[in-house]
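Q: Prediction below, plus the sequence it came from.
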Amino acid sequence: MKALFLTFHGFHATNGISKKIHYQVRALEANGVETHLCYLSETQGIKYR
């Protein structure tokens, strides 16, 4: 099984939400799900992933 985990903000090591997302991705991978983590960022009106 494959999964795409998409968020609309960047990640910070001290952010509790970022930590929870990384824990969820690790748990999915530990249970055999091929998981890709992707986020969107916007600088100067240009969106990047």
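A: Now that the structure is in, tell me what you want to look at.
Q: When you work out contacts or count neighbours from here on, use the C-alpha atoms and nothing else.
A: Fine.
Q: residues in contact with the residue of the chain most remote from its centre?
A: Using CA atoms, centre = their mean, the residue of the chain lying farthest from its centre is residue 44. It sits 22.1 Å away. Contacts of residue 44 were listed using CA atoms under 8 Å, 6 or more residues apart in numbering, and none were found.
Q: which sections of the chain are below the confidence cut-off?
A: For the chain, applying pLDDT under 70 flags the ranges 45-49.
Q: ranges for the strands of it?
A: 2-7, 34-39, 41-43, 46-48 (DSSP state E).
Q: Mind putting these into a markdown table with mean neighbour count?
A: Listed next are the strands of the chain as a markdown table, based on neighbours: other CA atoms under 10 Å:
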| stretch | mean neighbour count |
| --- | --- |
| strand 2-7 | 12 |
| strand 34-39 | 13 |
| strand 41-43 | 11 |
| strand 46-48 | 8 |
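Q: what's near enough to touch the nearest residue to residue 3 once chain neighbours are set aside?
A: Using CA to CA, 6 or more residues apart in numbering and skipping the chain neighbours, the partner closest in space to residue 3 is residue 35 (4.8 Å). Contacts for residue 35 were tallied using CA under 8 Å, 6+ apart; they are 2, 3, 4, 5, 25, 28, 29.
Q: one more time with 6 Å, if that's ok
A: 2, 3, 4 (CA atoms under 6 Å, 6 or more residues apart in numbering).
Q: how close does the residue nearest the centre of the chain sit to residue 25?
A: Residue closest to the average C-alpha location in the chain (CA atoms, centre = their mean): residue 37, at 3.9 Å. According to CA to CA, to the nearest Å, residue 37 and residue 25 sit 8 Å apart.
Q: same check, this time on residue 6
A: For residue 6, the distance to residue 25 - CA to CA - is 11 Å.
Q: circling back: so how far is residue 44 from the closest residue to the residue nearest to the centre of the chain other than its chain neighbours?
A: Using CA to CA, 6+ apart and skipping the chain neighbours, the partner closest in space to residue 37 is residue 5 (4.8 Å). Going from residue 5 to residue 44 by CA to CA gives 25 Å.
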